[in-house]
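Q: Dropping a prediction and its sequence here:
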2 protein chains.
Amino acid sequence: MSLISRVGRLSCRRLQNISRLLNPTKSKGPSEFGFPALYSTVNDNSSIPSSSEPVSQEQTQDPSILKPVSDNFASSQVNPAAQNQKHSSYNPNSSFLPLTIKDVLKTAALDSSVSLKGWVKFIRKQKNMTFVSISDGSTTESVQLLFDSFNKHLIAPQVSRGASVSVSGKLQKNYRDSTKFDVYPSSFDLIDDCPPDYPFQKKAMDPSYIRNFTHLRPKLDNFKSVLRVRNQASMEIHKFYQDNDFFQIHTPIITSNDCEGGSSTFSISAEMSGDQDAPYFSKNVSLSVSGQLHLEAACLGLSKVYNFNPAFRAESSMTHRHLCEFWMVEAEVCFVDSIHLLMDLIEHSIRQPITQVLNKCPEDIYNLEKASESPFSPSTWSLADYTKSQPFARVSYTDAISILEQHHNKTGSFKYKPSWGLSLQKEHELFLADNYFQSPVFVYDYPAKIKSFYMKSNKDSKDTVACVDLIVPGIAELVGGSVREDDYNTLSEKVEQLYATSCMPESKTPGKLATGSDKYWYLDTRKYGSAPHSGYGMGFERFLQILMLKKNIRDVTMFPRYYGYCDS
Amino acid sequence: MSLISRVGRLSCRRLQNISRLLNPTKSKGPSEFGFPALYSTVNDNSSIPSSSEPVSQEQTQDPSILKPVSDNFASSQVNPAAQNQKHSSYNPNSSFLPLTIKDVLKTAALDSSVSLKGWVKFIRKQKNMTFVSISDGSTTESVQLLFDSFNKHLIAPQVSRGASVSVSGKLQKNYRDSTKFDVYPSSFDLIDDCPPDYPFQKKAMDPSYIRNFTHLRPKLDNFKSVLRVRNQASMEIHKFYQDNDFFQIHTPIITSNDCEGGSSTFSISAEMSGDQDAPYFSKNVSLSVSGQLHLEAACLGLSKVYNFNPAFRAESSMTHRHLCEFWMVEAEVCFVDSIHLLMDLIEHSIRQPITQVLNKCPEDIYNLEKASESPFSPSTWSLADYTKSQPFARVSYTDAISILEQHHNKTGSFKYKPSWGLSLQKEHELFLADNYFQSPVFVYDYPAKIKSFYMKSNKDSKDTVACVDLIVPGIAELVGGSVREDDYNTLSEKVEQLYATSCMPESKTPGKLATGSDKYWYLDTRKYGSAPHSGYGMGFERFLQILMLKKNIRDVTMFPRYYGYCDS
């Protein structure tokens, strides 16, 4: 707004640099500061760069543009001849990275000559023709290579499923499907073979078999889709928060925590060379289970903040729902003290990224849906329903208990009897989302005694707190959030109670406070200009399970870590 | 490309969902799947929503749109009355989040009535007027509140620097600077006061003093700029890789490592409740020092990948250059075996994000430059030079040693005598970047014996490897990368040597391989269709030091962790 005027008032040398940056017309750099993509788009038949050609020309710089040497070392000390050793092949306008299959399919013209590298997906031999399909992970598309009697001698005997190959040839329409392309190779080189003990020889393999080879999974079509969708989902989540002016904060992973008997955290230690008795830190430290408390500190200066971090819980559960290392998105927004506003924000933050991923990765999503163990959930709420206008359901904890009690009284079908004052079990949550509401459902205003100390009291006769869990079909809990206690004295009392009784439920103990100085910094955030604020956290892998319809959380992350398992 | 045709061939129910997603005209959701921003833009005088008004209307859903209940639970079991408890205030078109100062300055019209919340930056009393400046971190701009004899009674005595306040009033032009805005308050409420022991009472404070209050730093203008620039830099780095079709991989943080005496890693343990003798994992595990090896596995399926992860090194150094927890960007690109291509990629990946951050956060960068301890580097290479076309210098290790030897022979000014076969010391690196080349400089082709086992041999008489370090003015090493050894037999031999001799320099041991099964998974990546590939890693905080001209790395991250220090 007042950018130019501000700059106009200033005159130091540094400002001149900034000013040049603000005014692209004065800059000698690329206009609008936009560097081109790392490859050039090619629309004619001739100009696709060879993907294997290294850029090797040396540009000896014009000595006249060398700048004066600073005071510390006089320029006379430098051998002028050595200055000619400066050289560079950098050129912001050059195309230099090898073209991927995606690049070629996007840019190359029919009947043009193309060069590709990738891995063999399959080889199919017919009487007069041999088809070799190759892919490189850049897209869901693979390219079919056609060999007839004239060029089939190019296929070396070591070319098999999984081998890496380099091919050049003419791009042409698929003879059956005009929307697809084939290549008729004029050269076809083996980069590296793939021996017969390659574990992914079969087309159909059990998910539990595939999980034995986590490090090789990126070679499988389905897992390539997993990784591409995971990438897109990560970007769309960032985009949601950035579009709404939240700032990303890198909350710390290593955090101090003196709580005794904390069975849900990982402790950290380092052996210092030379002095093994000296601990690296002066206190016990552990891996963060949540960045919430640190995010609150940032929120009380920047107003809207989020993180997107790994988090760690030493769960001893071996179920398909738990990882001990997972990624989590947490957000805090200042000057919001309404649980309904918070639910609005959470709902946006789920629906928009899902909508965008479906929009941008339709083929990957289609592949994943096709491979999904069906049905993902007994609910008729589908992935596409997240993109529509029908809102998520909302129900208070008290009303949810009534619904569950009525159902249980009629059918007796729950293992755990629902009762006001007790936590909701997974079977209860899934009943609400999959069967009763048949949609994602916010359950809000839980009893204080089963929730965390930092949640704001509703000051009602039932002693509930302003918190919310989002339960989604097929998954159960996806998001947990609350209005935070922002009053210094109230929070102080709750913290003191916490230390006195150590009665916090283990599973609801994000960022447990140490008995030492740690509680003071957290209380400090309420001491100097405190303000109402609210926040929530979402497990990224559970979000991905929704997107990919994967029942096993180990299948949405490349290198899963869980109880007893840290291989590759 | 062949999206529509693919979809056209299929007919299952899931596909119908996907098809609706692909064809927005059939969807009942918002057109083009674009949800609006979380607040509406306001261009008239009347329609700025009150920021404190909770959305509370309940929408009882039309029962006719309830879907059939699935087989597991018959719908007759559900009390129909309870279904009316569904309600929601979600409306994708509603504006509901409180407006920030940025929102108001961007959207509100002159003479309109606005509501703002924020923290008091300062209070200035003059004879007839009182000025109160408030900010909320959403922008570098603060808003000045004007009080004269008619409204100065609104200022409660507890309103002081650091207090949180809520204000409503008329937006008007600043009477001195027409590019800035003032607000003439009609109401002014204290949210929370700020007691006199608030540690940031003074305007000028020593950086080392400020570092004692990491959790309160987001309340300071300068540190708000740090966090905003850090946020933007993170996004621009993602954007660079996404624009060039790299996929983000979340490489694991917990990694197995049986190497004995590894003094540079943090070990992890968990006490399992009930059975303290049973370790959580079946092997020793530690915090990742680099995701490179895992990224290589992904690269050999997806071709272009990167990560942006926390990494951990138990450095015992207490210097201003080291954190034991930091963020790192690593990239791997397949089918690239030229160190010069790799340098091109690294150069792009540095210059484009810097250019974009300078373009998008000019006022924050200006504030940070103004506050920088000057000079940041004796080099005349400035921040703005990263945005121009002059390329980074490039010099081989052998030539760099010649330059350093000549300089040392003439001046004797180095503490460590440079000599072929020895690592470059920081003083050597800074001489090259700050004084000799006066620009960022790539040093490539180091002797194999001082570099890591996974780097590809140049097969020259000097036994060098195809690796590169990027040295930048004022910082020294920013990036390290190499062409990777991709031959199974060669890598196997190197790994065996490594175990036999345990001679890898500790500081160059990313992802040390365990003596157990771990080496097999890494070698496996070269067994089944191996391919040439190259990669590199960049310390994010060092990148931020360049952008923010901060000499102390602890000042570019909100909660720094280093030897002996894990407070707040």
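A: Yep, that arrived. Numbering: from 1, shown residues only, chains lettered A, B, ... in the order given.
Q: residues contacting the closest residue to A:G291 other than its chain neighbours?
A: Once flanking residues are discounted, A:G291 sits nearest to A:T251: 3.0 Å by C-beta to C-beta, 6 or more residues apart in numbering or on different chains. Yep, even glycine has a C-beta here, placed from its N, CA and C like the rest. Under the criterion of C-beta atoms under 8 Å, 6 or more residues apart in numbering or on different chains, the neighbours of A:T251 are A:S288, A:G291, A:H294, A:L295, A:A298, A:N307, A:N309, A:E330, B:M558, B:F559.
Q: what's around A:G474, how many residues?
A: A:G474 has 18 neighbouring residues, counting by other C-beta atoms under 10 Å in any protein chain shown.
Q: quick one: secondary structure of the closest residue to it other than its chain neighbours?
A: What sits nearest to A:G474 in space, not counting adjacent residues and going by C-beta to C-beta, 6+ apart, is A:S377, at 3.0 Å. A:S377 falls in the coil class when you classify it by DSSP: H, G, I helix; E, B strand; the rest coil.
Q: Pretty sure A:S168 sits against A:S115.
A: Yes - look at A:S168 against A:S115 with C-beta atoms under 8 Å: they come within range, at 4.6 Å.
Q: Give me the more crowded residue out of the two.
A: Using other C-beta under 10 Å, the more surrounded residue of A:S168 and A:S115 is A:S115, with 20 against 17.
Q: any idea of the pLDDT on the more buried one?
A: At A:S115, the predicted lDDT confidence score is 96.
Q: do the same with A:S75
A: The pLDDT attached to A:S75 in the predicted structure is 32.
Q: repeat for A:R561
A: Here, the pLDDT recorded for A:R561 equals 95.
Q: Which residue is the nearest non-sequential neighbour of it?
A: Spatial nearest neighbour of A:R561, excluding adjacent residues (C-beta to C-beta, 6+ apart): A:E325 at 4.1 Å.
Q: hmm, stretch A:171-189 touching chain B?
A: Yes - for a cut-off given as C-beta under 8 Å from any C-beta of the partner chain, stretch A:171-189 has contacts with chain B, namely A:D177, A:T179, A:K180.
Q: Three-state assignment for the second one, please.
A: Read it as A:T179. In the three-state summary, A:T179 is assigned as coil, counting by three-state DSSP.
Q: Off-centre distance for stretch A:552-564?
A: 14 Å (C-alpha atoms, centre = their mean, to the nearest Å).
Q: I misspoke; the intended subject was stretch A:353-371.
A: The gap between where stretch A:353-371 is centred and where its chain is centred comes out at 15 Å by C-alpha atoms, centre = their mean.
Q: what about it, start to end distance?
A: Using C-alpha to C-alpha, to the nearest Å, one end of stretch A:353-371 lies 22 Å from the other.
Q: what about the residue in the stretch 251-400 of chain A that chain B sits nearest to, neighbour count?
A: Across the stretch 251-400 of chain A, the shortest distance to chain B (C-beta to the nearest C-beta) belongs to A:G301, at 2.8 Å. As a burial measure, the neighbour count of A:G301 was computed by other C-beta under 10 Å and equals 26.
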